[in-house]
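**Student:** Show me the folded form of this:
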Amino acid sequence: MKQPTKISLFPILMVNFIGAMGFSIVLPFMAVIILKFGGNALVYGSLGATYSFFQLIGGPVLGKWSDNVGRKKILLLCQAGTFFGWIIFLIGIMQPNHFIKLFGFLISIPLILIFTGRSLDGITGGNISVANAYLADITPKAERKKNFGRMAAAANLGLIFGPLIAGALGATGLGNKLPVMAAAFISLVAIVVIIYGLKDINSRAVENKNDAAIASQSAVPGLNIPGKSTLMSTLKLPYVGFFMLLYFLIFLAFNFFYVAFPVYVAGDLHWTVLQIGVFFSVLSGMLVVIQGPVLTWLAKKVSSAILVIVGAVLLSAGFACFRYHGDVMIYTGAVFFSMGNGVMWPSFMALLSNAGNADTQGAIQGFAGSAGSLASIAGLLTGGYLYHSMGANLFLFATVFMLLIGLVSIRLIKIEKALG
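**Tutor:** Take a look at the predicted model:
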C-alpha cells in the first residue's frame, strides 16, 4: 500500500483554486443583483448569513460522513450542491421581478430563488473542511504548515482571477447573467477534477491498514474515540475546545472587515466597483506570495504558534490603517492585512490538523467549519450594525479585538509543544 504522502497535492489544490474562483467571480455583482430585485443592505447581509447558517448545519455532518465513506465522495457531493445552487441562482435572476405575499410580507420571486440557491450551496458547503481533512490525510505532520499554506495560496489565486473575470464578463450584453453562468460552469469543471483527479481515500481504511503511520499521528493519549464523533466527544479531545474558540474569534474579526470594508470604500471614499475589484485582486495577490514562498521559508525557521501570534499583531496594524482615508493608508493596511492573514491562518490550520488523527480529522474540521460559519453569521449581522453605529471607528474596534486574539493565542506555544 502506498503511503499517504505519495499522493499528489495538485488535484486538491486545483479543486480549492476552482472553488474560490467560482465563488469570487460573482461577488462584485451580488449587491447589484440584490438591489435590482428590491433588496437592500440588510437583505444583502442576510443573504451571506443564510449561506453561513446552512453551512453551519451541513459542515459537521459532511465532515463526519467523510470520515466514514471517504473524502472524495463527500467532496463530490459538496461540489454538486454548489453547481445546482448556481443553476437555481441563475434561474432566479432570469425571472421577471414579480412579488408574492409570504408571511404578510411582499417578497420578490427572484430573491426567493436566489436565497434558495445560496441555501443549497450552504448546506452542501463542507467542501473546505473536507478538503482540509483530505490534505491532512495525505500530508505528514512536518509538512502540514507548508501544504496548508499552498492550499490557502491556491484559494487566493482563484480570488485574484475571479473578480477580474467578473469585470470582463459583466461588460458584455448579458450583464450580470454571464458571471453567474461562468460560476456554474466552473463548479462543473471542479466536479470533473474531483471525479478523475482525486484518489478515493477512506481515512478509516488508511488507519486500519497503516498502523505505523497512525501511531505517529496519535501521539497524544485519548485521541481515538470509537463510534460516531459527536460535538461533545470532539470537544473532549485534547485542546480541541480551545482551537474551536480561537477559530470562532478569528473568523469573527475577518467578517467585521469583509462586511464593513466594501461599504466604507464605496460610501465614504466613493470608490468605483472597478477600484474595489482591483483592491481585492491586489490583496489576494499579496496573500498568494505570503502563503506560498514566504510561508514556506518561514515554516522552516519559526514555529506555527509564533506565526499565529505575529499574524494577529500584523492584522491589527492593517485594521488600524483602514481607519484613515487616502489610498496610501488603505493599501498600507492591505500589506499588513495580507502579511498577517498569510502567516496566521495556514499556521493555525496546521496546528488544528495536529489535534486529531485520521479517525477524527473530518469531524474536527467539520465542527471547526461550523464555528467559522457561526462567526460569519454573527459577523455579517452585527458587523453591519456596528458600522452603522460607529462608522469607520469599527476598524479601531477590530484592531483591539485582533490584539486580544493575539494575547489569547500565546497559549498555542505550550499546545504546539504538547502535540509534538
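**Student:** can we go C-alpha only for contacts and neighbour counts from here?
**Tutor:** OK.
**Student:** Quick test: name the residue nearest the centre of this structure.
**Tutor:** The centroid of the chain falls nearest to Ile128 when counting by CA atoms, centre = their mean (6.7 Å).
**Student:** Now do the contacts for it.
**Tutor:** Counting by CA atoms under 8 Å, 6 or more residues apart in numbering, Ile128 touches 16, 369.
**Student:** Can you check the pLDDT for it?
**Tutor:** At Ile128, the model reports a pLDDT of 74.
**Student:** Okay, it and Val263: tell me how far apart.
**Tutor:** Using CA to CA, to the nearest Å, we find Ile128 at a distance of 27 Å from Val263.
**Student:** repeat for Gly379
**Tutor:** 14 Å.
**Student:** Give me the more crowded residue out of these two.
**Tutor:** With neighbours defined as other CA atoms under 10 Å, Gly379 and Val263 compare such that Gly379 has more, 26 against 19.
**Student:** Look at that one and tell me its secondary structure.
**Tutor:** Following DSSP: H, G, I helix; E, B strand; the rest coil, Gly379 is assigned to helix.
**Student:** same question, the one 5 residues further on
**Tutor:** At Gly384, secondary structure determined by three-state DSSP is helix.
**Student:** ditto for Gly125
**Tutor:** Per three-state DSSP, Gly125 ends up coil.
**Student:** Summarise which helices and strands the helix or strand hosting Ile405 is packed against.
**Tutor:** Assigned by DSSP states H and E, Ile405 falls within helix 394-408. On a contact count with 3 or more CA pairs under 8 Å, 6 or more residues apart in numbering; DSSP states H and E, helix 394-408 meets helix 240-263, helix 304-322.
**Student:** and of these, who's closest to Met402?
**Tutor:** helix 304-322 (5.6 Å; CA to CA).
**Student:** what angle separates the following helix or strand past the closest one from helix 240-263?
**Tutor:** With elements assigned by DSSP H and E, the helix or strand that comes after helix 304-322 is helix 327-353. Helix 327-353 and helix 240-263 meet at an angle of 160 degrees, taking axes from the mean of the first three to the mean of the last three CA atoms, to 10 degrees as the criterion.
**Student:** For the residue nearest to the centre of the chain, pull up the helix or strand it's in.
**Tutor:** Assessed by DSSP H and E, Ile128 sits inside helix 127-138.
**Student:** what does Leu77 give?
**Tutor:** Residue-wise, Leu77 maps onto helix 71-93 under DSSP H and E.
**Student:** ditto for Gly122
**Tutor:** helix 109-123.
**Student:** ok, and for that helix, which residues are buried?
**Tutor:** Under the neighbour-count criterion of 16 or more other CA atoms under 10 Å, helix 109-123 has 109-111, 113-123 buried.
**Student:** repeat for stretch 319-328
**Tutor:** Buried, per 16+ other CA under 10 Å, within stretch 319-328: 319-323.
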